[in-house]
Each structure stands twice: as structure tokens, then as C-alpha cells.
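*Asks:* sequence first, then the predicted structure:
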Amino acid sequence: MKGPIIVVDDISKSYPIYGHLIGSMKEFLFHARSSLKSFKKSSFEALRDVSFEVARGEAVGIIGRNGAGKSTLLGLIAGVLRPTRGRVIVNARVSPLLELGGGFHPDLTGKENILLSGVLLGMTKNEVKAKMQKIIEFSELGDFIEQPIRTYSSGMLARLGFSIVAHLDPELLLIDEVLAVGDKNFQKKCIDKIREFRRNGVTIILVSHSMPDVEKLCDKVVWIEDRSIKFMGKPAEVIERYLKFEE
Amino acid sequence: MFFNRQKISHYIDLVVILTQKEMKVRYKNSILGYLWSILHPLAFALIFFVVFKIIMRIGMKNYSLFLIAGLFPWQWFSTSLNASATAFIGNASLVKKMNFPRNVIPLALVAQDMIHFVLAIPVIVLFMAIYGKHPYLSWLYGLPMLLFIQFLLTYGASLVVASANVFFRDIERLVTIFTMLLFYCTPIIYPETMVPQRYRDLINLNPLTPLMLSWRELFIKGSINPSAIALSFLYTAIIYGIGYWVYKRLYWKFAEVL
């Protein structure tokens, strides 16, 4: 396939504020008129007029302050959210990873969670089973893999989560703030794995607050500030401006 | 074509894996495990037996078998419907973070309760044996047919409840009350012939009536009443249609709201 793998075409995203609605049908019924009115009116804009393209095999970093709209953007690309205006076109099998450990159940063992999470992430049962041994080895969890994951530390959970994703064989990988967890050794392992993905032509979207990671891993950086793109370009350049702006 | 086949096989894997998860998780820390899905309706049967047979002295032969033949399928319906209220809310992290067809969550819930029901059928056979009855040949096609109808009906209703409850959490409470009301409006603990003539037509307005009657007929007599089946299939089609429509309209908002 030719052409860009992701086209984000002039999108805006507003969230209606459901505060009046959720949790109380009574409110809604007894104040139907005002509820409906405020329901229509009150919305919160998370992104405005955002456009960019991602080429196949490119690694793009998304940076910006908390609440700037980074996660919303990732959610839109993953197809979990729909834009209010504009279009998002993704020409790939997305392996949505908005957060490590999504889909884990605390009462199941590490092994059972690998199967569960792997299938939720788009693999078939047999594919996960075939990769089981590799995933367990990569996670370095040893005998803990047979224990319910509620007994895991947060570092161990992140290790398990990343190990599954590392064996997904995706075309497009979305990574949200995951490199900050685990010890130095495992972090290095993660970064090596992401580099390996890049060598194999996997497109990567990385949301991170760690500028060194973004600079190391990405070809292009999109800086989101106050709902729109503030600046976009080569990592070194964008990061320099961003850090200056932050000061 | 190949892509589609892979999609379908992945969808099946999703349902299987989520059903297995639910089965593992539900009774994970309880000693009696899945036996609870038999003990629960049996306890109800005992209560109704004491109240209606021993105290109120309802003049019916084989009343305990009569009760069980209706209570077991009902248990499936009511457990699924009540559990479906939290299907999306309880799996918020999945819904928010991953892009998979969300309807597999309620689907897996209903499938799980169906498996529990099927596993409880031997108990019904046991009770029949006590009364000197044997399983009927008609079960071979009757059981799959009714399983299919009830599965679709329960799934449709669950889709409505699960989707709506994301927006109005009160639905959860309403469903509990509603299922209880519906239970007493369905001829399960009493035969439909005991309903006064002028209300007789009304009970058929209850979508669960023809289905529950069909189960009981099939279990106790081995017979199938085509008009009851047709009616329950009609209800099922309507409820499934509504469920699917509600879900289609709302599903993409789940991640925003949760």
C-alpha cells in the first residue's frame, strides 16, 4: 500500500459534559427541559483543527502538557473515539495500545491474562499460544507467571503488559506513556524492542513526557498545546522550542 | 475473503476467551464454584414448594418438577440480564482503551449463563427420574431450538440494559425490580391455566411467557407447541432488533462517557 498510513484531516473533538445526565435519571426526568438544554450546550473541547499525516514506517512523537489533548488524539487514531468534526483515516491493522495492561483481570494468573489481553489486542487464540513462551521469557516474571496478577507490583504489571505488546506483530503501534515504568534494565529492553519494531517498518505513535526518549526514537514530533498543534517537525527542533516554552 | 474469515475467527476467539474469563472469575474464590448456578434455582424451587405446595396446598401433581423445569431457564435469563447492567461499566478500562467490538462483552455474559444452564439440565433429568420420567427424543431438536431463541432474546435485552446503563446508572436498579415483576407475571410457579380467563390473553403479551411455557412442555412432556415457539421467536426478533439498534446508536459514545 502506498500513501500515508494515518491521515488526520482537520479534526476537532468535543466531549459533551454528561455530568447532568449520568447517575441520575431522576434529575433528568424532573428537569427534562433544562437538562436537555444544558446537555446540548455544555461541551468541552479537547482538540481543535488538528491535521497531520504519518507515513508508513515513520515514528512520530506526540508531546505537550497534561490535558493538552494528547490522549484524545491517540484515542481518535485507535478508533476508540470519534471526531466531532473532520476525519481520521487509518490504513492499517491497528494494534491499539493506549495503556499497558488494558484488559487485565486481577484474579487471573499472568498466563491467563496474556491469553485474554492478547486476544483483545487482536491476536487469535492460537497465535497467542504459539507466542506464550517467548512472552513469558521476555517479561522475566519467572514463576510469578502462575500467580494471580493482583499479587504483582506495578513494575511487574508493566513488564507483563509490554511483553504482550512486544509480540503483537503490529503494523501500527500506539504507545501512551509506558516507558516510564519498570527498572532501568527493563526500560532499556523496551526501547531496544521499539527500535527493532522501527527497523521492521512498524509505524509508531509515541506519547511521552520523556524528551530524551522522544528524541531517541522518533523521526517527527507533534507538539500539542491548548487543543491544537503548536509546532511540528524534526525532534531536536520541536523539543528545543518546547523546553524553552516550558521555562 | 480471507480477511473476513480471519475477522470472524478472531471474533469467535474473543467471545470464547471472554466467556472463559467470566467463568473463571465469577466463582474464583468460592468453594462450591459453579454448583451455585444449580443451588440458586434449587433454593428458589424449595421455597416455592414449601409456600405453595405445603402451605397453600396447590392441587398439582409433580409440582417440584414443574417448578424446576421453569426456574432453571428463568435463572439463565435473569442472571444474564442483571449482570449485563454492569457489562460495559465494569469493563470500563477495556472499553476506553481498546478497539474491539464491544458487544462481545454482553455476548460472553449470556453465553456463560447459557453454559451454566446446560450444565444444570442433568438436575432436571434427575428430578424426572424421581417421578419415573425419561428424557425425550424430541429434546434432540427441541433443546437447541429453545437454547437459540432464549440466547438471542437474552442477548438483545442485555444489549439494551448494558448500553443504557452507561448513560443512566439507575437502569441497574430498575432492572432488578423489573425482572422480579416479570418473574411473577410469567407462568413459572403457577400453570397458565390457573390465570383467570379474562387475564389469559394478557400473559401472552409478556415476551417471556411463550418461551418459558415451551421449556416446561419440552422438559416434562417432550412436546413442542409450534404456535408458542412462533410467538416467542417473534418476540425474540423484536427484542434483538431493539437491542441491536440501541447498541449501534450508542456504542461509540461509551469511551467518552465512561
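*Replies:* On my side now, so go ahead. Computed from a prediction, not measured in an experiment: that's the story for all the values here.

*Asks:* buried residues in stretch A:151-159?
*Replies:* Buried positions in stretch A:151-159, judged by neighbour count with 16 or more other Cβ atoms under 10 Å in any protein chain shown: A:152, A:156, A:157, A:158, A:159. Bear in mind the C-beta positions are built from the backbone N, C-alpha and C, glycine included.

*Asks:* which one of those is nearest to residue B:246?
*Replies:* residue A:157 (35.2 Å; Cβ to Cβ).

*Asks:* that's a helix at that closest one, yeah?
*Replies:* Yes. Residue A:157: assigned to a helix according to DSSP: H, G, I helix; E, B strand; the rest coil.

*Asks:* got phi/psi on residue A:13?
*Replies:* When read as degrees, to the nearest 10, the backbone of residue A:13 gives phi -140, psi 120.

*Asks:* ok, so what distance separates it from chain B?
*Replies:* Taking Cβ to the nearest Cβ, to the nearest Å as the measure, residue A:13 and chain B are separated by 9 Å.

*Asks:* just the helices in chain A please.
*Replies:* A:25-30, A:32-41, A:70-78, A:110-120, A:125-139, A:154-166, A:184-199, A:211-217, A:235-246 (DSSP state H).

*Asks:* what distance separates the start and the end of stretch B:128-139?
*Replies:* 14 Å (Cα to Cα, to the nearest Å).

*Asks:* just the buried positions in it, please.
*Replies:* Of the residues in stretch B:128-139, those buried (16+ other Cβ under 10 Å) are B:128, B:133, B:135, B:136.

*Asks:* could you do stretch A:202-212 as well?
*Replies:* Residues of stretch A:202-212 classed as buried: A:202, A:203, A:204, A:205, A:206, A:207, A:208, A:210, A:211 (neighbour count, 16+ other Cβ under 10 Å).

*Asks:* what do you get for stretch A:77-91?
*Replies:* In stretch A:77-91, counting by 16+ other Cβ under 10 Å, buried: A:77, A:78, A:79, A:80, A:81, A:83, A:84, A:86, A:88, A:90, A:91.

*Asks:* about what we covered before: among the helices of chain A, show the one with the smallest mean pLDDT.
*Replies:* Note on the helices of chain A: helix A:32-41 shows the lowest mean pLDDT, a mean of 59.

*Asks:* about what we covered before: which of the buried residues of stretch A:202-212 come close to chain B?
*Replies:* Among the buried residues of stretch A:202-212, no residue is within reach of chain B (Cβ under 8 Å from any Cβ of the partner chain).

*Asks:* next, find the distance separating the closest residue to residue A:159 other than its chain neighbours from residue A:131.
*Replies:* Excluding its sequence neighbours, the residue lying closest to residue A:159 (Cβ to Cβ, 6 or more residues apart in numbering or on different chains) is residue A:139, at 4.9 Å. Distance, residue A:139 to residue A:131, by Cβ to Cβ, to the nearest Å: 12 Å.

*Asks:* pLDDT below threshold where in chain B?
*Replies:* B:1-3 (pLDDT under 70).

*Asks:* please identify which of the helices of chain A is closest to residue B:19.
*Replies:* Closest of the helices of chain A to residue B:19 is helix A:110-120, at 11.2 Å (criterion: Cβ to Cβ).

*Asks:* could you check the angle the closest one makes with helix A:154-166?
*Replies:* Note on geometry: by axes from the mean of the first three to the mean of the last three Cα atoms, to 10 degrees, helix A:110-120 and helix A:154-166 are set 40 degrees apart in direction.

*Asks:* what is helix A:110-120 packed up against?
*Replies:* helix A:125-139, helix A:154-166, helix B:2-26 (3 or more Cβ pairs under 8 Å, 6 or more residues apart in numbering or on different chains; DSSP states H and E).

*Asks:* chain center to that helix, what's the gap?
*Replies:* 18 Å (Cα atoms, centre = their mean, to the nearest Å).

*Asks:* cool, and stretch B:44-58?
*Replies:* The answer for stretch B:44-58 is 24 Å, by Cα atoms, centre = their mean.

*Asks:* check the separation of the first and last residues in that stretch.
*Replies:* OK, stretch B:44-58 end separation, Cα to Cα: 17 Å.

*Asks:* neighbour-wise, which of residue A:139 and residue A:131 wins?
*Replies:* residue A:139 (23 against 20; other Cβ atoms under 10 Å in any protein chain shown).

*Asks:* close enough to count as contact, that one and residue A:163?
*Replies:* Yes. Contact criterion Cβ atoms under 8 Å: residue A:139 and residue A:163 qualify, at 3.8 Å.

*Asks:* give the burial count for residue 223, as a bare number.
*Replies:* Chain wasn't specified; assuming chain A. 21.

*Asks:* if you could check chain B rather than the one you did, that'd help
*Replies:* Residue B:223: 11 neighbours (other Cβ under 10 Å).

*Asks:* phi, psi for it please.
*Replies:* phi -110, psi 160.

*Asks:* follow-up on the earlier one: CSV for the helices of chain A, including distance to residue B:80?
*Replies:* Below are the helices of chain A laid out as CSV (distance: least, Cβ to Cβ, whole Å):
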stretch, distance to residue B:80
helix A:25-30, 22
helix A:32-41, 31
helix A:70-78, 30
helix A:110-120, 21
helix A:125-139, 24
helix A:154-166, 30
helix A:184-199, 41
helix A:211-217, 46
helix A:235-246, 51
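
*Asks:* in the helix or strand hosting residue B:162, what counts as buried?
*Replies:* Residue B:162 belongs to helix B:139-167 when assigned by DSSP states H and E. Using 16+ other Cβ under 10 Å as the test for burial, helix B:139-167 gives B:142-143, B:146-147, B:149-167.

*Asks:* just stretch B:105-119 next, same as before
*Replies:* B:105-117.

*Asks:* from these, which are also near chain A?
*Replies:* Within those, nothing lies near chain A by Cβ under 8 Å from any Cβ.
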